[in-house]
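K.L.:
Sequence plus predicted model, see below.
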Amino acid sequence: MIDFKEEIVKLLANKIENLTEEEIRNSIETPPNYEMGDYAFPVFSLAKVYRKNPAIIAAEIAESIESEYFEKVESQSAYINFFVNKEKLSSEVLNEAHNRQGNFGKVNIGEGRNVIVEYSSPNIAKPFHIGHIRTTIIGDAIKRIYDFLGYNTISINHLGDYGTQFGLLIVAIRKWGDIKVIEENPISELLKLYVKINAEMEEDPTLLEDSRKAFTALENGGKEETELWQWIRDVSLKEFNKVYDMLDIHYDSYAGESFYSDKMPAIVERLKSSGALTESEGAQIVDLEKYDLPPSLIIKSDGSTIYITRDLAAAKYRHDTYKPYKNIYVVGSQQILHFKQLKAVLKEMGYDWADEIVHVAFGMVSLEDGTLSTRKGRVVYLEDVLNKAKEKVEEILTAREEDKGIKIENKEELSAQVGIGAVKFQELFNQRIKDYVFDWEKTLSFEGETGPYVQYVHARISSLLEKGNFSLNNKYDPSLLTKEEEINILRLLYKFTDIVIDAHEKYEPYFVTRYTVELAKEFNKYYNSTQILIEDELLKNTRLMLCYAVKTVIKEGLNLIGVEAPEKM
Ligand code: ARG
């Protein structure tokens, strides 16, 4: 498509000698409403050089510009306002929809670049609870957005499958566990055991001692301990995969913390040889004062490695294996310090690639009473949330069947698409850094700016296209789209690529979510004000081409946030 903004850059670069193209590009703004044009360029910075009143400069430049791409170039006080040629806009957008169909707006800015997106990364033997919803859904959306822009993404689930808690679990299973019972309900049974041993430990300190021994045995490859650990990992992953399947989320790699256990000695060696490691009260630390950060503990006084040691090994492994343009970690804001330290330690080790690491943080979800703790065993399971959402849609559909005396063929599938879509959509509706309180009612509300609303508009367009016998082979004439509602839709469609690019630069999928709502609303306005299936064939087919473009973009927008777009609802 024509890049109108670039056209402005070229036009202005010709007129303004003392600004570079880059400076001009960065100053171009989007006015608050279309009455002030599609683009605006402020001239304040030129006042000094030209020794003239900015309003006069703006007026002079505006007057001297002539371009087929803009129907009007006007000054308004210190701004030059550009009004896009609507016929050009219309033919650009309709031709893009017609010629590229499902690839509408797709650009390949990431070609040849590997991007790692690490997300979800739950701890095995612990519940997959509502606290994991954010990393899982935000991470998947980021991966999809990078894919769309042509990057080669690698999705990694950095499972928490290593650490002293496995010593605790091994002891608890030996003492109180019943393999059969656990196999039936692995996560909740393992959680019970974990809660129990944490409670009993307070009375009986030998349990802690036994657990330490069990963990050491596990680290040294003890047969029985390793088998038990492997079993815990397998049953946990099986449970997690149920949730991933429901969410339609899949990974390229499940290399979790344990994967790096044999890669840590090399890291420790490098830390030593680079002189970064110092001893403090028997432990090995890296001083990070020059980064304004607290020191990073790498090896505890008992010789055991910790979370960050494994992350150092993981970062190095990922760098060597994938040579990534970016290594993105979608992890809660509680770990901001951890990732700052991780980067700083890598720099201290002399790894100049440390800046490929990006921590995409997000706010916390809490329950109404402010808790979200596995240790106390109080949890909302993500699987339950998804199932409830699905059931609710099923109820609505059943009521509709009874109401209208019809049968909805794919009720089960549709319920999942709409219910789970609603949960994802809501999760991706706000800036990620905001904390929020989990609320059943809100999660299951389908009114207003929700996923089901957007899906519904998409399905409505599908049936409209069918009724109007839409075909890509039909003749259409872009110059016929002159209604204000039509132009507004065209403007939005034209913006789609920029929205996705912005979302990827800032790691904010909610730009895309909000955009789909805006587009759906704008379409509804059009639909309510304009007859589309009219006698005049050429006008009808042109309007249907616009509808088709909207449908295509809504579908892709939803796809980018992992939400399906059913044809019928
Ligand atoms: N398993 C950790 C948790 O649940 C998250 C892991 C984040 N990723 C990482 N590479 N440290 O808190």
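P.N.:
Yep, it's here. Numbering: from 1, shown residues only.
K.L.:
count of neighbours near whatever residue of the chain ends up closest to the ligand?
P.N.:
Taking C-beta to the nearest ligand atom, the ligand has its nearest neighbour within the chain at Gly160, 3.3 Å off. From N, CA and C alone the C-beta is placed, and that goes for glycine too. As a burial measure, Gly160 scores 18 neighbours (other C-beta atoms under 10 Å).
K.L.:
This protein - how does it break down into domains?
P.N.:
Split into domains by automatic domain parsing, the chain comes to 4-84, 114-366, 382-560.
K.L.:
Indicate which one of those domains is closest to Lys106.
P.N.:
Lys106 sits nearest to domain 114-366 of all the domains of the chain, at 6.5 Å, using C-beta to C-beta.
K.L.:
How far away from the center of its chain is the closest one?
P.N.:
Offset of domain 114-366 from its chain centre (C-alpha atoms, centre = their mean, to the nearest Å): 21 Å.
K.L.:
Alpha carbons only: can I get the helix or strand containing Val457 in PDB?
P.N.:
Element membership of Val457, judged by DSSP states H and E, is helix 451-467. Extracted in PDB, the C-alpha atoms of helix 451-467 (Å, rounded to 0.1, in the frame of the first residue of the first chain):
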ATOM      1  CA  GLY A 451     -14.300 -10.900  22.500                       C
ATOM      2  CA  PRO A 452     -17.800 -12.300  21.800                       C
ATOM      3  CA  TYR A 453     -18.900  -8.900  20.600                       C
ATOM      4  CA  VAL A 454     -16.100  -8.700  18.100                       C
ATOM      5  CA  GLN A 455     -16.600 -12.300  17.100                       C
ATOM      6  CA  TYR A 456     -20.300 -11.600  16.600                       C
ATOM      7  CA  VAL A 457     -19.600  -8.700  14.200                       C
ATOM      8  CA  HIS A 458     -17.200 -11.000  12.300                       C
ATOM      9  CA  ALA A 459     -19.900 -13.700  11.900                       C
ATOM     10  CA  ARG A 460     -22.500 -11.100  10.900                       C
ATOM     11  CA  ILE A 461     -20.200 -10.000   8.100                       C
ATOM     12  CA  SER A 462     -19.800 -13.600   7.000                       C
ATOM     13  CA  SER A 463     -23.500 -14.000   6.600                       C
ATOM     14  CA  LEU A 464     -23.800 -10.700   4.900                       C
ATOM     15  CA  LEU A 465     -21.200 -11.700   2.300                       C
ATOM     16  CA  GLU A 466     -23.000 -14.900   1.700                       C
ATOM     17  CA  LYS A 467     -26.400 -13.300   1.300                       C
END
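K.L.:
Save the domains of the chain as CSV, and put in mean pLDDT too.
P.N.:
Below are those laid out as CSV (pLDDT from 0 to 100):
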stretch, mean pLDDT
domain 4-84, 94
domain 114-366, 95
domain 382-560, 95
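K.L.:
Relative to Val93, which of those is closest?
P.N.:
Closest approach to Val93 among the domains of the chain (C-beta to C-beta): domain 382-560, 5.0 Å.
K.L.:
What is the end-to-end distance of the closest one?
P.N.:
Terminal residues of domain 382-560 are spaced 21 Å apart (C-alpha to C-alpha, to the nearest Å).
K.L.:
cool, and stretch 530-543?
P.N.:
Stretch 530-543 has an end-to-end distance of 10 Å (C-alpha to C-alpha).
K.L.:
Buried residues of it, list them for me.
P.N.:
For stretch 530-543, a neighbour-count test (16 or more other C-beta atoms under 10 Å) marks 532, 539-543 as buried.
K.L.:
Keeping just the C-alphas, turn the helix or strand encompassing Arg134 into PDB.
P.N.:
Arg134 is part of helix 133-148 when elements are defined by DSSP H and E. C-alpha atoms of helix 133-148 as PDB (Å, rounded to 0.1, in the frame of the first residue of the first chain):
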ATOM      1  CA  ILE A 133      -3.000 -16.800  32.900                       C
ATOM      2  CA  ARG A 134      -1.200 -13.600  32.100                       C
ATOM      3  CA  THR A 135       2.200 -14.900  31.100                       C
ATOM      4  CA  THR A 136       0.600 -17.700  29.100                       C
ATOM      5  CA  ILE A 137      -1.900 -15.500  27.200                       C
ATOM      6  CA  ILE A 138       0.300 -12.400  26.800                       C
ATOM      7  CA  GLY A 139       3.300 -14.400  25.800                       C
ATOM      8  CA  ASP A 140       1.400 -16.300  23.100                       C
ATOM      9  CA  ALA A 141       0.000 -13.100  21.700                       C
ATOM     10  CA  ILE A 142       3.400 -11.600  21.500                       C
ATOM     11  CA  LYS A 143       4.700 -14.600  19.700                       C
ATOM     12  CA  ARG A 144       1.800 -14.400  17.200                       C
ATOM     13  CA  ILE A 145       2.400 -10.700  16.600                       C
ATOM     14  CA  TYR A 146       6.100 -11.400  15.900                       C
ATOM     15  CA  ASP A 147       5.200 -14.200  13.600                       C
ATOM     16  CA  PHE A 148       2.900 -11.900  11.600                       C
END
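K.L.:
Excluding chain neighbours, what is closest to Glu564?
P.N.:
Counting by C-beta to C-beta, 6 or more residues apart in numbering, Gln417 is the residue found nearest to Glu564 once chain neighbours are left out, at 4.3 Å.
K.L.:
ok, how many other residues are close to the one you found?
P.N.:
Residues near Gln417, counting by other C-beta under 10 Å, number 22.
K.L.:
Spit out the contact partners of it.
P.N.:
By C-beta atoms under 8 Å, 6 or more residues apart in numbering, Gln417 lies in contact with 455, 564, 566.
K.L.:
Counting neighbours, which of those residues comes out on top?
P.N.:
Counting by other C-beta under 10 Å, Gln455 has the largest number of neighbours within the contacts of Gln417, with 27 neighbours.
K.L.:
can you tell me which residues contact that one?
P.N.:
Applying C-beta under 8 Å, 6+ apart to Gln455 gives the contacts 417-418, 421, 558, 563-566, 569.
K.L.:
returning to that earlier point: looking at the contacts of Gln417, which is nearest Ile145?
P.N.:
Using C-beta to C-beta, Glu564 is the member of the contacts of Gln417 that sits closest to Ile145, with 16.6 Å.
K.L.:
that older thread, beyond whichever strand or helix holds the residue nearest to Glu564, next helix or strand please.
P.N.:
Here Gln417 sits within helix 411-427, counting by DSSP H and E. Later in the chain than helix 411-427, the nearest helix or strand by DSSP H and E is strand 436-437.
K.L.:
which secondary structure elements does the helix or strand following that following strand contact?
P.N.:
Downstream of strand 436-437, the first helix or strand assigned by DSSP H and E is helix 440-443. Packing partners of helix 440-443 (3 or more C-beta pairs under 8 Å, 6 or more residues apart in numbering; DSSP states H and E): helix 382-404, helix 411-427.
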